[in-house]
Each structure stands twice: as structure tokens, then as C-alpha cells.
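Peer 1: sequence? don't have it. structure:
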């Protein structure tokens with residue numbers, strides 16, 4: 001029995017030693033220091049453990065993009081009524097905001113750097129990257145962000161929305177939104193924010209900025225069909241703020257670097273059908289940058305700017321969306337028709353077997369024959385590049401122009 005209760009020899013050897021049995025575990029010893037620290041100290045003495053200080057490059061020298069950041073108050077260096085530790089926490093959080101608001105140019109597969117799309121911004125929105133918010137204001141904003149994210153039906157979202165409106169007036173819209181990140185809230189919260197903050201005609205600047213922060217980020221990352229609640233929020237805002245909907249939703253979404261997908265296309269079709277006047281849709285076509293040298297002026301936050309391309313990204317849902325617009329008899333200018341035809345000439349080879357491309361081409365010839373006469377030869381060449389059952393029908397239509 002004594003042999004049964006006895007420790008193994010290797011454990012008896014460890015028991016006689018002064019070191020720890022498992023030095024990698026942070027076991028607290030009687031004197032309050034961890035045995036892991038003791039093990040590291042002994043390792044240092046044996047030359048088995050060493051620390052290396054990594055120099056940190058000056059962020060001012062390494063900054064190679066213009067950051068859209070948050071303004072600050074000088075009290076952050078010596079916060080009144082707050083500890084130094086609180087100030088450091090605020091500065092750390094502010095640095096994360098600066099990182100989140102930067103727009104980074106992504107290197108394409110062909111090793112060419114993709115430049116950022118030109119966005120329409122207010123001059124006063126450009127501020128120093130060294131600036132941070134006042135600690136008290138930042139704490140208030142983070143509490144509002146938590147209230148939006150931890151949503152329950154007992155909370156009063158309209159009162160929170162009014163508090164956000166008041167802070168936007170005092171602190172600045174961009175500074176408030178970057179901290180709160182309302183696009184991360186649930187769709188139910190988005191609907192209530194739209195109903196509270198966008199229920200009236202409050203001007204183009206306010207409505208376009210709200211759309212770009214409440215709804216646009218959700219749709220930019222949308223892969224599955226949008227929820228009924230989110231679509232309801234989009235339509236409510238679109239019916240009241242038509243011009244802002246074109247610049248802050250339609251243009252950025254059609255210029256998404258990943259290309260328009262079916263889920264977003266369905267939302268855009270609802271906007272065209274239920275919200276916009278024909279003149280606004282025609283204006284949308286006028287603003288579309290079909291080629292690299294054209295510039296599309298869109299409204300978006302700096303942190304989402306890197307998701308938007310400089311020119312139109314052609315996908316099959318784009319042809320479906322454009323065909324839906326043409327079916328509504330939207331009045332297009334000769335310039336818009338010219339841009340469309342030239343763009344079709346560039347992508348015809350890529351979509352030569354696409355039925356959606358053929359349907360759009362046939363619809364274009366049927367609806368806008370008078371404006372297409374100057375491009376009869378070019379359209380004939382484009383049609384001959386297609387290989388679908390509609391090719392002969394399109395050529396027959398072009399012959400009668």
C-alpha cells in the first residue's frame with residue numbers, strides 16, 4: 001500500500017527542486033508573484049529567454065493616405081475631472097477610429113493600384129488626423145452605440161435618435177457617426193432611426209449623409225435577399241428624399257467594386273418602381289461613370305469609400321437592372337445613350353453568351369430607336385459578337401433603324 005501511494009521518481013525529483021513543475025502555467029505562488037515569472041527569470045539567467053524591443057515607426061512618416069478622422073478637444077491631454085488612465089483609453093479608442101475611417105487603396109490582381117473614387121464631401125468634414133473627441137463626449141457616444149447594438153423592444157430608439165441628432169448639431173455629423181456606427185445595428189433599429197431622423201424634408205446634406213450611414217453600408221455588404229424590414233426602411237427614406245437616394249444609394253451600389261449582385265438588384269428595382277420620379281432616374285444615368293476617365297460623384301463615409309469603384313463594374317444583374325429602368329420609359333439624353341453604347345462595345349465579348357445582355361440590347365433597340373441611329377454600325381458590330389437565339393432578332397431591328 002505504501003508503494004501505491006508513493007510519488008513516481010520523476011515527481012519526487014521535481015518536488016525536491018525549487019522551480020515550478022509546469023513553468024508555462026500562470027500559477028500564483030504564496031508571495032503573490034506568478035511561478036511563470038519565476039520561470040522566465042531563471043530562463044534569463046540560463047540565457048534561454050530574452051526580450052526584444054521592436055521599434056515603432058513614427059505614424060506621421062508612415063501615413064501615405066489622407067485620413068478622414070474625428071475632431072477633438074484640447075482637453076484630451078489633461079482631462080478635467082478624469083484620470084490619466086481614462087485619457088489613455090480614450091486616445092487608444094480614438095486611434096482605432098482613425099484606422100477605421102481611413103480609406104486604403106487596394107492593389108488589384110494585375111498589380112495596378114486601384115485609385116479611390118471621387119466622393120462629394122463638405123470642406124469642414126476634413127480635419128486633422130491628430131484630433132480626438134472630448135472624453136466626456138466620446139463616452140456619451142459609446143453609450144449610444146451600445147444602446148443601438150444591444151437592442152430590445154423595451155428601449156426607446158426614437159429618444160436615442162433625437163439625442164444623436166442633437167450631438168450631430170453640436171459635435172458634427174461625421175464625428176458622431178464614425179463612433180456610433182449605426183450601420184451595425186439590427187434592421188429593426190435602422191427602420192426606427194429612419195422613421196425618426198428622415199421623416200421630414202430636412203435638406204439634401206442631412207438626408208444624403210443619413211442614407212450613407214444608416215442604409216448604404218448594409219446594402220454594400222448584402223449577399224442574401226434583404227429583410228422585409230430593411231426594404232421598408234429603404235423605401236420610406238427613398239420616397240421622401242429622392243435626390244439623396246440617387247447619390248447616396250443608387251450610385252454607390254451600382255459602383256460597388258464587387259459588382260452588383262441579385263440581392264441588391266432587387267432592392268434597387270423596388271426603389272426605381274416605388275420611390276423615384278423619371279427625372280431622377282434620368283439624372284442617375286447622367287451621373288454614371290461608364291469609363292475610367294469619367295468621375296462619378298457619390299456620397300459615402302470615408303471608411304466605406306474603398307468599397308466603391310471609380311467606374312461601372314459590369315455584371316449580369318446590372319443588365320437586368322438597366323433593362324428594368326428602360327421598361328419604365330425613362331427619358332434618356334443623347335449623351336446617356338452614347339455612353340451606354342460605347343460601354344456595350346467594350347463588354348460585348350465578355351457577355352457574348354449572356355441572355356441578360358441580349359435582353360437588354362434588344363430592349364434598348366426597341367425603346368430608344370431614334371437615339372440609336374448614329375450608332376447603327378457600332379451596335380451591329382456589338383450584336384454580331386453575341387451568340388444567343390436573340391442575335392438575329394436584334395440585327396433585324398437594327399436594319400430597320
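Peer 2: Everything's here; your move. Here the structure is a predicted model, which means the values were calculated and not measured.
Peer 1: so where is the chain shaky, pLDDT-wise?
Peer 2: 1-132, 152-155, 201, 291-297 (pLDDT under 70).
Peer 1: Do you have the strands of it handy? List them.
Peer 2: Assigned by DSSP state E, the chain shows no strands.
Peer 1: Now for the nearest residue to residue 307 once chain neighbours are set aside: which residues touch it?
Peer 2: Counting by Cβ to Cβ, 6 or more residues apart in numbering, residue 307 lies nearest to residue 220, which is 5.3 Å off, once chain neighbours are set aside. Where C-beta positions appear, they are placed from N, C-alpha and C, glycine not excepted. If you count contacts by Cβ atoms under 8 Å, 6 or more residues apart in numbering, residue 220 has them with 252-253, 256, 304, 307.
Peer 1: Residue 278 reaches residue 329, doesn't it?
Peer 2: Yes: using Cβ atoms under 8 Å, residue 278 is in contact with residue 329, at 7.5 Å.
Peer 1: More neighbours: the two, which one.
Peer 2: The residue with more neighbours, out of residue 278 and residue 329, is residue 278; 13 against 10, by other Cβ atoms under 10 Å.
Peer 1: Any figure for the gap between the closest residue to the more buried one other than its chain neighbours and residue 167?
Peer 2: Leaving aside its chain neighbours, residue 278 sits nearest to residue 330 (5.2 Å; criterion: Cβ to Cβ, 6+ apart). Per Cβ to Cβ, to the nearest Å, residue 330 is found 40 Å from residue 167.
Peer 1: For the residue nearest to residue 278, grab phi and psi.
Peer 2: phi -70, psi 130 (degrees, to the nearest 10).
Peer 1: how near is it to residue 276?
Peer 2: Per Cβ to Cβ, residue 330 is found 9 Å from residue 276.
Peer 1: you'd agree the residue nearest to residue 278 is up against residue 282?
Peer 2: Yes: look at residue 330 against residue 282 with Cβ under 8 Å: they come within range, at 5.5 Å.
Peer 1: Which one of the two is surrounded by more residues?
Peer 2: More crowded of residue 330 and residue 282, by other Cβ under 10 Å: residue 330, with 22 against 16.
Peer 1: OK, contacts around the more buried one?
Peer 2: So residue 330 contacts 278, 281-282, 285 (Cβ under 8 Å, 6+ apart).
Peer 1: Repeat that for residue 188.
Peer 2: So residue 188 contacts 151, 229 (Cβ under 8 Å, 6+ apart).
Peer 1: Kindly report the same for residue 320.
Peer 2: Taking Cβ under 8 Å, 6+ apart, one finds 265, 356, 360 in contact with residue 320.
Peer 1: swap the cut-off to 10 Å and go again
Peer 2: Residues in contact with residue 320 (Cβ atoms under 10 Å, 6 or more residues apart in numbering) are 260, 262, 265-266, 268-269, 356-357, 359-360.
Peer 1: Over to residue 333?
Peer 2: Contacts for residue 333 (Cβ under 10 Å, 6+ apart) come out as 282, 285-286, 339, 371.
Peer 1: swap in residue 388?
Peer 2: By Cβ under 10 Å, 6+ apart, residue 388 lies in contact with 351-359, 361-362, 394.
Peer 1: can you redo those as JSON lines with distance to residue 141 and neighbour count?
Peer 2: Formatted as JSON lines, the contacts of residue 388 follow (distance: Cβ to Cβ, whole Å; neighbours: other Cβ atoms under 10 Å):
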{"residue": "351", "distance to residue 141": "47", "neighbour count": "22"}
{"residue": "352", "distance to residue 141": "53", "neighbour count": "16"}
{"residue": "353", "distance to residue 141": "52", "neighbour count": "10"}
{"residue": "354", "distance to residue 141": "47", "neighbour count": "19"}
{"residue": "355", "distance to residue 141": "50", "neighbour count": "14"}
{"residue": "356", "distance to residue 141": "45", "neighbour count": "18"}
{"residue": "357", "distance to residue 141": "47", "neighbour count": "26"}
{"residue": "358", "distance to residue 141": "52", "neighbour count": "22"}
{"residue": "359", "distance to residue 141": "49", "neighbour count": "16"}
{"residue": "361", "distance to residue 141": "51", "neighbour count": "27"}
{"residue": "362", "distance to residue 141": "53", "neighbour count": "18"}
{"residue": "394", "distance to residue 141": "56", "neighbour count": "23"}
